[in-house]
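Chemist: Provide a 3D model corresponding to the input given below.
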Amino acid sequence: MSSPDIESPEPALVELNTPSEGTPEVINTAPGLERAVRSLQSGHGDLAVDTERASGFRYGQRAFLIQIRREGAGTWLLDPEELDSLAPLADFVNHEPWVLHAASQDLPCLDDEGLRPTALFDTELAGRLAGYPRVALGTMVAEHLNLKLAKEHSAVDWSTRPLPESWLNYAALDVEVLLQLRDRLSEVLDEQQKLEFAQQEFEYLLNAPAPEPAAEPWRRLSGIHKLKNRRAMAVARELWLAREALAKSRDVAPGRLLSDAAIMVAVEHLPSSVPQLLQTRGFHGRSAKRDAPRWLDAISRGKASRDLPQLRAVGNSMPNPRAWTEKNPQAADRLGAAKMVVTEVAEQWNIPGENLLTPKYLRQLSWEPPQSISTHSLDEALAELGARPWQRDLLAAKLAAVFSK
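Modeler: All right, here's what the predicted structure looks like:
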């Protein structure tokens with residue numbers, strides 16, 4: 001008598017603690033960089049690339065460590081802060097395809113260093129298109145490679161020098177798994193008939209222009225939407241500008257000097273002396289007393305300013321969709337119908353709706369559609385907004401159908 005089928009237990013994950021070739025040294029000299037480039041040139045295949053930044057510790061989003069791996073060449077860790085020039089590296093890597101995870105986070109800081117691939121494969125974006133609900137690198141590596149990738153150093157201060165060995169192992173392991181993960185995700189996307197979708201997305205990501213800087217970046221202050229008068233807005237603006245200038249001069253993350261919440265409290269209470277300021281919630285850090293005159297000056301400038309900002313940013317942008325029913329009910333109806341189309345197609349292809357079509361594109365198209373509605377006109381409008389061919393192929397005809405009703 002045959003025994004009943006018993007479901008096999010999930011195999012235990014294999015822990016990755018140290019790189020296969022041991023902990024790489026950190027390259028921080030010109031001769032070392034030349035040695036790294038020669039080794040990478042002697043390898044074969046695409047480059048696995050990653051960076052480590054010091055978000056939340058230093059000003060800006062620059063790279064404090066660059067990791068590059070190539071089959072046959074091993075893993076190389078480079079210190080862009082110490083190296084005078086990465087030109088020898090750029091002369092090689094800028095003519096090669098790269099594999100990255102969450103490329104939109106790494107490409108800008110690499111571009112600042114003069115490094116840019118000829119083509120890319122983004123394993124995070126590939127995971128989204130393949131329909132996986134969780135696409136963090138550790139999760140993807142566990143699911144597809146049966147490996148456990150430690151992630152405890154993801155939020156550390158990578159401007160620290162020297163970097164601890166455990167951090168270097170973490171950094172090296174991130175690129176050690178990327179090429180295998182790329183191969184597996186390529187197979188999955190091919191099986192799902194989405195590989196062409198992914199290739200178009202990667203090309204768009206690589207060639208997309210840098211976003212225009214915000215005209216009034218201080219409006220991103222958390223809680224600023226609660227302010228009810230323009231004078232308060234002026235004080236918030238001056239405090240933000242003062243914090244930004246000081247953060248840049250000290251090379252420290254703005255939030256480490258003064259939190260957004262502290263700025264909002266100062267706007268509410270308007271302290272006018274150092275003792276009053278130091279009694280204000282959020283002004284109790286180690287440098288609070290030293291920097292108090294700077295914050296008081298900013299408050300005074302805001303209180304005296306004749307350049308009072310509008311409560312809401314002035315621009316040609318469309319209203320918030322919540323107001324469409326009153327301002328443009330036909331657009332509201334179009335947006336509702338269009339969202340249903342996107343949801344239906346997204347479920348059919350097992351792709352997140354925001355990856356099927358950028359929500360901003362859908363709003364713009366619904367607010368101001370072509371004068372003559374047809375599959376062709378919708379396709380042209382989507383293309384002008386930036387939608388890729390695969391997205392237009394899946395959506396243009398269906399959106400034309402609901403817009404024509």
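
Chemist: Please make it C-alpha for all contacts and neighbour counts, starting now.
Modeler: Noted.

Chemist: Give me the mean pLDDT for stretch 221-240.
Modeler: The predicted model assigns stretch 221-240 a mean pLDDT of 96.

Chemist: How far does that stretch sit from its chain's centre?
Modeler: 26 Å (C-alpha atoms, centre = their mean, to the nearest Å).

Chemist: now do stretch 89-108
Modeler: 15 Å.

Chemist: Report how far apart the opening and closing residues of it are.
Modeler: Length of stretch 89-108, first residue to last, C-alpha to C-alpha, to the nearest Å: 17 Å.

Chemist: go on, stretch 38-58?
Modeler: 32 Å.

Chemist: And stretch 97-108, by the same measure?
Modeler: Stretch 97-108: ends 16 Å apart by C-alpha to C-alpha.

Chemist: tell me which residues of that stretch are tucked away?
Modeler: 97-103, 106-108 (16 or more other C-alpha atoms under 10 Å).

Chemist: Which residues outside that stretch are in contact with it?
Modeler: Contact with stretch 97-108 is made by 46-51, 116-125, 137, 178-179, 182, 205, as judged by C-alpha atoms under 8 Å, 6 or more residues apart in numbering.

Chemist: Out of the buried residues of stretch 97-108, which sit inside strands?
Modeler: The strands, defined by DSSP state E, take in 98-100 from the buried residues of stretch 97-108.

Chemist: quick check, distance from stretch 229-243 to the centre of its chain.
Modeler: On the basis of C-alpha atoms, centre = their mean, stretch 229-243 sits 27 Å off its chain's mean C-alpha point.

Chemist: same thing with stretch 395-403?
Modeler: On C-alpha atoms, centre = their mean, the centre of stretch 395-403 falls 31 Å from that of its chain.

Chemist: ditto for stretch 299-309
Modeler: Centre to centre, stretch against its chain (C-alpha atoms, centre = their mean), the figure for stretch 299-309 is 34 Å.

Chemist: Check stretch 335-349 too.
Modeler: Taking mean C-alpha positions (C-alpha atoms, centre = their mean), stretch 335-349 and its chain are 25 Å apart.

Chemist: What lies in contact with it?
Modeler: By C-alpha under 8 Å, 6+ apart, the residues outside stretch 335-349 that reach it are 352-353, 356-357, 362-363, 366-367, 394-395, 398-399, 402-403.

Chemist: swap the cut-off to 6 Å and go again
Modeler: Contacts with stretch 335-349, where a contact means C-alpha atoms under 6 Å, 6 or more residues apart in numbering, come from 352-353, 366.

Chemist: which stretches of this structure have low pLDDT?
Modeler: 1-10, 315-316 (pLDDT under 70).

Chemist: Domain-wise, how is it divided?
Modeler: 14-207, 217-304, 321-403 (automatic domain parsing).

Chemist: residues in contact with Leu40?
Modeler: Ala73 are the contacts of Leu40 under C-alpha under 6 Å, 6+ apart.

Chemist: now Ala288
Modeler: By C-alpha under 6 Å, 6+ apart, no residues touch Ala288.

Chemist: Just send the contacts of stretch 335-349 back as CSV, with neighbour count, distance to Val341 and secondary structure too.
Modeler: Listed next are the contacts of stretch 335-349 as CSV, based on neighbours: other C-alpha atoms under 10 Å; distance: C-alpha to C-alpha, whole Å; DSSP: H, G, I helix; E, B strand; the rest coil:
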residue, neighbour count, distance to Val341, secondary structure
Pro352, 19, 13, coil
Gly353, 18, 10, helix
Ser366, 22, 12, helix
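
Chemist: Just put those in CSV and tack on distance to Asn169.
Modeler: What follows is the contacts of stretch 335-349, written out as CSV (distance: C-alpha to C-alpha, whole Å):
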residue, distance to Asn169
Pro352, 33
Gly353, 36
Ser366, 49
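
Chemist: Which single one of these is nearest to Ala331?
Modeler: Lowest distance from Ala331 to the contacts of stretch 335-349 (C-alpha to C-alpha) belongs to Ser366, with 5.5 Å.

Chemist: What does Ser259 show for phi and psi?
Modeler: Torsion angles at Ser259 (phi, psi; degrees, to the nearest 10) stand at phi -80, psi 160.

Chemist: just to revisit the earlier point, show the buried residues in the contacts of stretch 97-108.
Modeler: Of the contacts of stretch 97-108, these count as buried by 16+ other C-alpha under 10 Å: 46-51, 116-117, 119-125, 137, 178-179, 182, 205.

Chemist: quick revisit: out of the contacts of stretch 335-349, flag the one nearest to Lys148.
Modeler: When the contacts of stretch 335-349 are compared against Lys148 (criterion: C-alpha to C-alpha), the nearest one is Pro352, at 26.0 Å.

Chemist: distance of Leu147 from Leu181?
Modeler: 11 Å.

Chemist: on that earlier part again, can you redo the buried residues of stretch 97-108 as CSV with distance to Ser272?
Modeler: As requested, these are exported to CSV (distance: C-alpha to C-alpha, whole Å):
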residue, distance to Ser272
Pro97, 57
Trp98, 54
Val99, 54
Leu100, 50
His101, 48
Ala102, 46
Ala103, 46
Asp106, 43
Leu107, 44
Pro108, 41
